[in-house]
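Q: Structure, please.
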Amino acid sequence: MKIGWIGTGVMGAPMAGHLQAAGHELAVFNRTRSKAETLLRNGAKWCDSPAEVAANCEILFTMVGFPGDVEEVYLGERGILSVEGPCRLVVDMTTSQPSLARRIATEASPRGIHSLDAPVSGGDVGAREGILAIMAGGVKEAFNRALPLFERMGKNIAHMGGPGAGQHTKMCNQILVAGNMIGVCESLLYAAKLGLDQKAVIDIIGKGAASSWLINNLGPRILRGDYAPGFFVEHFIKDMGIALDEAAAVGLSLPGLAVIRQLYIAVKAQGHGRSGTQALFLALKKLSGDL
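A: Down below sits the predicted model:
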């Protein structure tokens, strides 16, 4: 198939690479061309705008950073929906606002284009290994068409409902991750303060009731002092903000999430906005007087 891909960052590049490796022809765009070089060396066609990508594909995927980026890519002057072409399905895999996903679906439909919001979970490791969880919202017919392509990028894939349902499901994911992440960091701080072998702690509690993807994957990175991004702090702050706004809109209070978001804002203020989410450990360590 002729596939368009916009957004070739930490996660977007390997996700697009799985489709390319499966034999599909790629047309790509990214604000920084150098981040698409691997795909281009392997035969992808470079496009100068989202509109040009849309004119050169049957199905188009986006994986960008913030809701503002999504809006510009789809609805901007040189956006995906600004041109008529062969593209009949667009899939936004960015974690973004449910309301924006519904707006894109509404704008796409009169043009004969189906739209899916299909955010993912699994971080850089899941993207590289093709084992992401993919939660999709939109028309079931469109989901079924995209499913063989999703299966190249992910392992756990589900249709969650109409437009916006994928993004709402991702908010559930991010709320849980936030609580788990602070637990991982405080657990390892406690182990260090009490003189325990932190690796041994991870090895044993990572196999019991406290087991989670975060303790088993990001815990060891923390011990190595590896704060490289699998998922950026600044993007996580954005996601938690979306979840809090959506909760407030339906009269729901999420006090735990609100506190954790404030801690991550402190992490960003310490210069770690482009670090991985495990950098929360540094902020908590500083609060304890150990840094």
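
Q: switch to C-alpha atoms for all contacts and neighbour counts from now on
A: Noted.

Q: Next up, phi/psi of the residue lying closest to residue 162 once chain neighbours are set aside, please.
A: Taking CA to CA, 6 or more residues apart in numbering, and ignoring the residues beside it in sequence, residue 162 has residue 138 as its nearest neighbour in space, at 4.2 Å. Backbone torsions of residue 138, given as degrees, to the nearest 10, read phi 140, psi -170.

Q: Can you pull the domain assignment for this protein?
A: Domains of the chain are assigned by automatic domain parsing as 2-163, 168-287.

Q: Quick check: which of those domains has the most neighbours on average?
A: domain 2-163 (a mean of 20; mean count of other CA atoms under 10 Å).

Q: Now do that one, average pLDDT.
A: Averaging pLDDT along domain 2-163 gives 97.

Q: Between the two ends of that domain, what distance do you get?
A: End-to-end distance of domain 2-163: 24 Å, with CA to CA, to the nearest Å as the criterion.

Q: Show me the beta-bridge partners of the nearest residue to residue 29 once chain neighbours are set aside.
A: Leaving aside its sequence neighbours, residue 29 sits nearest to residue 6 (CA to CA, 6+ apart; 4.9 Å). Counting by DSSP bridges, residue 6 forms beta bridges with residue 29, residue 62.

Q: Next, please give the residue ranges for the strands of the stretch 101-250 of the chain.
A: For the stretch 101-250 of the chain, the strands defined by DSSP state E, counting those that start in this stretch occupy 114-117, 120-121, 132-137, 154-161.

Q: These into TSV, with extra columns for distance to residue 220?
A: Conversion of these to TSV gives the following (distance: least, CA to CA, whole Å):
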stretch	distance to residue 220
strand 114-117	32
strand 120-121	19
strand 132-137	20
strand 154-161	24
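
Q: Any regions of the stretch 151-291 of the chain where pLDDT drops low?
A: 291 (pLDDT under 70).

Q: Quick one: the helices in it, in order.
A: 165-193, 198-205, 213-223, 233-249, 255-267, 280-287 (DSSP state H, counting those that start in this stretch).

Q: Could you export these as JSON lines, including distance to residue 77?
A: What follows is the helices of the stretch 151-291 of the chain, written out as JSON lines (distance: least, CA to CA, whole Å):
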{"stretch": "helix 165-193", "distance to residue 77": "25"}
{"stretch": "helix 198-205", "distance to residue 77": "50"}
{"stretch": "helix 213-223", "distance to residue 77": "40"}
{"stretch": "helix 233-249", "distance to residue 77": "25"}
{"stretch": "helix 255-267", "distance to residue 77": "33"}
{"stretch": "helix 280-287", "distance to residue 77": "38"}
